[in-house]
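Undergrad: Sequence and predicted model, in that order:
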Amino acid sequence: MSSTPRSRRFRAAALLTSLATVLVPALTLGTAAPAAAHGDELSAEIRAIMAKPGYEHAQWGLLERDGTTGEVIHSQFPDQFFLPGSTAKLLSVSGAWHALGGDHEFTTPVQAVGQQNGSALDGNLVLIGQGDLTMGGRTAPDGSVSYTPIDHTYANDVPGATLTPEDPLAGLDLIARQVRDAGLTRIDGDVAVDTRLFSSFPGLDPTPTPLIVNDNVIDLLTTPTAPGQSAQLTWRPQVAPYQVESTVRTVAAGSPTDLTVSASPDGTRITVSGTIAADAPPTLRISPVQDPAAFGRTALIEALGRAGVTVTASPTGPNPTDKVPDSYDGTRRVAAYVSPVYAKYAKLILKVSHNLGANLAICLMAVTAGSHQCENGFPVLNEFLRGAGIDPTQAQLLDGRGGNPVDRVTPRIETDIVNYWQNTPEAARFRDALPILGVDGSLAGACAGCPTCPGKGKVWAKPGSVVGEDGLNQRLAVGAQTLGGYLDAGHGRLNTFYLAVNGASTPDIEGFLDEINDLARIAGLLQQEAEARNS
């Protein structure tokens, strides 16, 4: 039994790499020997992985099908519910992609409400939130949406999280310049954010909002200096009235790096404390924005100031919802930010397991149905699945990310959804949006420490994890490890697959990471077998 203190052990349980989904008590759906129910028998090498220590009380599920003929290659409990982890995103993102269209662009307008006198507006500017996931904060010069293998949204839980180079305020700066180009240099009134597009519900955590700036977080980057000296802190985006203080000290090389973030109840006073080793890389943490609408309003007012537009109202304070008109009839559009297409946002969500974007997908589906209540996105998803010939009762969901305790999927529905895309004009774009084994996204490091990486570059799949603390046995309870997508079967053919194990355990975080690699290795072996079968 490990002697790791409980607090450190539970912190370790949060280190899920970017495959992470949720920290909940692990559930075991039953016990079963890892033998195929039908289809080809699993190879000895795969069966040996499934029989490793830690899987004694676990249950494995697997379904692999020939993507051309539909023939079942391997099948093990294909119609039994498993905790999905982040593979639930295959369903939520697919539903939003279908409802919106892969080429859908989010246009976030700013309306001038009032009378313009020369270059002054006697009235208010209102930004109408449209559910744009990044507002230009990740858009690269080539128009792609940037991501890193471990996203900044995981920085408090996952070592090695990094920032993309883009300015998170880029979209608001562009809007401000457009306002100036529209002939306005002074707003003799206020600035407000219209958040009526949708209302979320408690099941969606993190909570989507109609206006999202920098994923609704503040980035805090600590860089070591000399031992005994204060560490250096940089933070972004710098928006009033947010203030950040650091009491982090640099300690000797090889010492532990242990950073803690605390904030005032309203989130605007943030303190980073602890220690960072002199030989540690710059280390990222985040702090949530408690009021995204007020934050976005202030950020826009400050952007207007940078563009040469004066606003007479105070830049800080609550979002003045009373300044939002009942109707925009007779108002003038003075600016608009147009996003990259939704397929690029879907790629971000799937590559790095972006939880906020996956939950936002539920809200956006509700909007396409004319509803302002996010929970009404689920009937849209249900209808999409039925129209695609997929049985929606093979899943149960109360969010888009796979983090709600009720979430369950069968291997069948997960292979059905990836097979659906193969029969659409979006087939290649959807497949390329998935992490690639040993190459990018949350599978980039899946082969780390392995002498060989079977299937490298030939498996496109979404991983998922559910892990929590087993206090009784002083170990980690791995509720789920899952992986689903496509295998290169050779000669231009693709097999669909879904692999899951529920109810595993491991002594520590290193064992947990080994179990992630177990699924990656099994997928790679399945790919090699599929390719050999068709050679």
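TA: Structure's in. What do you need?

Undergrad: Okay, now the unreliable bits of the stretch 1-150 of the chain?
TA: For the stretch 1-150 of the chain, the stretches with pLDDT under 70 are 1-40.

Undergrad: do the chain as well
TA: Scanning the chain for pLDDT under 70 picks out 1-40, 448-451.

Undergrad: could you redo the last one with a cut-off of 80?
TA: For the chain, the stretches flagged by pLDDT under 80 are 1-40, 447-452.

Undergrad: Which parts of the lengthiest helix in it count as buried, going by neighbours?
TA: In the chain, assigned by DSSP state H, the helix with the most residues is helix 509-533. Buried residues in helix 509-533, counting neighbours by 16 or more other C-beta atoms under 10 Å, are found at 509, 511-513, 515-531. All C-beta spots, glycine's among them, are computed from the backbone N, C-alpha and C.

Undergrad: just stretch 421-431 next, same as before
TA: Here stretch 421-431 shows Trp421, Gln422, Glu426, Arg429, Phe430, Arg431 as buried, counting by 16+ other C-beta under 10 Å.

Undergrad: Now compare these and name the two farthest from each other.
TA: Gln422 and Arg429 (11.8 Å; C-beta to C-beta).

Undergrad: residue nearest the centroid of the chain?
TA: The centroid of the chain falls nearest to His354 when counting by C-alpha atoms, centre = their mean (0.6 Å).

Undergrad: residues touching the residue nearest to that residue when sequence neighbours are not counted, list them.
TA: Nearest residue to His354, sequence neighbours excluded (C-beta to C-beta, 6 or more residues apart in numbering): Leu348, at 5.6 Å. Contacts for Leu348 (C-beta atoms under 8 Å, 6 or more residues apart in numbering) come out as Leu133, Thr134, Arg138, Val145, Tyr147, His354, Gly357.

Undergrad: quick one: Leu348 and Pro292, what's the gap?
TA: For Leu348, the distance to Pro292 (C-beta to C-beta, to the nearest Å) stands at 18 Å.

Undergrad: ok, back up a step: list the helices and strands the longest helix of the chain packs on?
TA: Packing partners of helix 509-533 (3 or more C-beta pairs under 8 Å, 6 or more residues apart in numbering; DSSP states H and E): helix 6-13, helix 44-50, strand 459-470, strand 475-490, strand 493-506.

Undergrad: and the angle from it to strand 475-490?
TA: Relative orientation of helix 509-533 and strand 475-490, computed by axes from the mean of the first three to the mean of the last three C-alpha atoms, to 10 degrees: 20 degrees.

Undergrad: For Phe82, give the beta-bridge partners.
TA: As for beta bridges, Phe82 partners with Val409 under DSSP bridges.

Undergrad: That one contacts Leu63, doesn't it?
TA: No: between Phe82 and Leu63 there is no contact under C-beta atoms under 8 Å: 10.9 Å.

Undergrad: These two: which is more packed in?
TA: Phe82 (30 against 27; other C-beta atoms under 10 Å).

Undergrad: Show the contacting residues for that one.
TA: So Phe82 contacts Leu29, Gln59, Gly61, Arg408, Val409, Thr410, Pro411, Ala480, Thr482, Ala500, Asn502 (C-beta under 8 Å, 6+ apart).

Undergrad: still on that earlier bit, for the residue nearest to the centre of the chain, give its distance to Ala433.
TA: Per C-beta to C-beta, His354 is found 12 Å from Ala433.

Undergrad: and Val126, what does it touch?
TA: Contacts for Val126 were tallied using C-beta under 8 Å, 6+ apart; they are Val110, Gln111, Val113, Val191, Ala192, Val193, Asp194, Lys323, Val324, Pro325, Tyr328, Thr331.

Undergrad: 6 Å instead, please
TA: Val126 makes contact with Gln111, Val113, Ala192, Asp194, Val324 under the criterion C-beta atoms under 6 Å, 6 or more residues apart in numbering.

Undergrad: Which of the residues you listed sits closest to Asp391?
TA: Asp194 (38.9 Å).

Undergrad: sorry, back to before: quick check: of the contacts of Val126, which lies closest to Gln178?
TA: Of these, the one sitting nearest to Gln178 (C-beta to C-beta) turns out to be Gln111, at 12.3 Å.

Undergrad: Verify the stated contact: that closest one with Asp329.
TA: No: between Gln111 and Asp329 there is no contact, the gap being 10.4 Å when judged by C-beta atoms under 6 Å.

Undergrad: the more surrounded of these two?
TA: Counted by other C-beta under 10 Å, Gln111 and Asp329 do not tie: Gln111 has more neighbours, with 23 against 6.

Undergrad: Work out for me the element that one sits within.
TA: Using DSSP states H and E, Gln111 falls within strand 105-117.

Undergrad: Centre of the chain to that strand, how far?
TA: Taking the mean of its C-alpha atoms, strand 105-117 sits 30 Å from the chain's own mean (C-alpha atoms, centre = their mean, to the nearest Å).

Undergrad: Distance from the following helix or strand past that strand to the middle of the chain?
TA: The element immediately downstream of strand 105-117 (helix or strand, assigned by DSSP H and E) is strand 120-128. Computed by C-alpha atoms, centre = their mean, the separation of strand 120-128 from the middle of its chain amounts to 34 Å.

Undergrad: again with stretch 325-337
TA: Offset of stretch 325-337 from its chain centre (C-alpha atoms, centre = their mean): 32 Å.

Undergrad: As CSV, could you dump the C-alpha coordinates of that stretch?
TA: Provided in CSV are the C-alpha atoms of stretch 325-337 (Å, rounded to 0.1, in the frame of the first residue of the first chain):
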residue,chain,number,x,y,z
PRO,A,325,-33.5,46.4,-25.6
ASP,A,326,-36.4,44.1,-26.1
SER,A,327,-35.9,44.2,-29.8
TYR,A,328,-33.1,45.4,-32.1
ASP,A,329,-35.5,46.8,-34.7
GLY,A,330,-34.3,50.3,-35.7
THR,A,331,-30.8,49.8,-34.2
ARG,A,332,-27.6,49.8,-36.2
ARG,A,333,-25.0,47.1,-36.4
VAL,A,334,-21.6,48.8,-35.9
ALA,A,335,-19.4,45.7,-35.6
ALA,A,336,-19.4,41.9,-35.7
TYR,A,337,-16.9,39.2,-35.1
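
Undergrad: Identify each buried residue in that stretch, please.
TA: Neighbour-count burial for stretch 325-337 flags Pro325, Thr331, Val334, Ala335, Ala336, Tyr337 (criterion: 16+ other C-beta under 10 Å).

Undergrad: Can you list the neighbours in contact with it?
TA: Contact with stretch 325-337 is made by 107-113, 171, 174-175, 178-179, 182, as judged by C-beta under 6 Å, 6+ apart.

Undergrad: how about the strands of the stretch 301-450 of the chain, start to end?
TA: Counting by DSSP state E, counting those that start in this stretch, the stretch 301-450 of the chain has strands at residues 310-311, 332-341, 395-396, 408-409.

Undergrad: and Glu375, what is it in contact with?
TA: Phe201.

Undergrad: Go again with 10 Å.
TA: Going by C-beta atoms under 10 Å, 6 or more residues apart in numbering, Glu375 touches Phe198, Ser199, Ser200, Phe201, Gly203, Leu204, Ile362, Cys363, Ala366, Leu398.

Undergrad: close enough to count as contact, Arg493 and Gln527?
TA: No: with contact defined as C-beta atoms under 10 Å, Arg493 does not reach Gln527; the gap is 11.5 Å.

Undergrad: joint contacts of the two?
TA: Joint contacts of Arg493 and Gln527 (C-beta under 10 Å, 6+ apart) are Leu487.

Undergrad: thinking again about what came up before, narrow the contacts of Val126 to just the buried residues.
TA: Neighbour counting over the contacts of Val126 (16+ other C-beta under 10 Å) leaves Gln111, Val113, Ala192, Asp194, Val324 as the buried ones.

Undergrad: Could I get the phi/psi values of the last one?
TA: Think Val324. Phi and psi for Val324, reported as degrees, to the nearest 10, are phi -90, psi 120.

Undergrad: before we move on, what about the fourth one?
TA: Main-chain dihedrals, Asp194, degrees, to the nearest 10: phi -90, psi 110.
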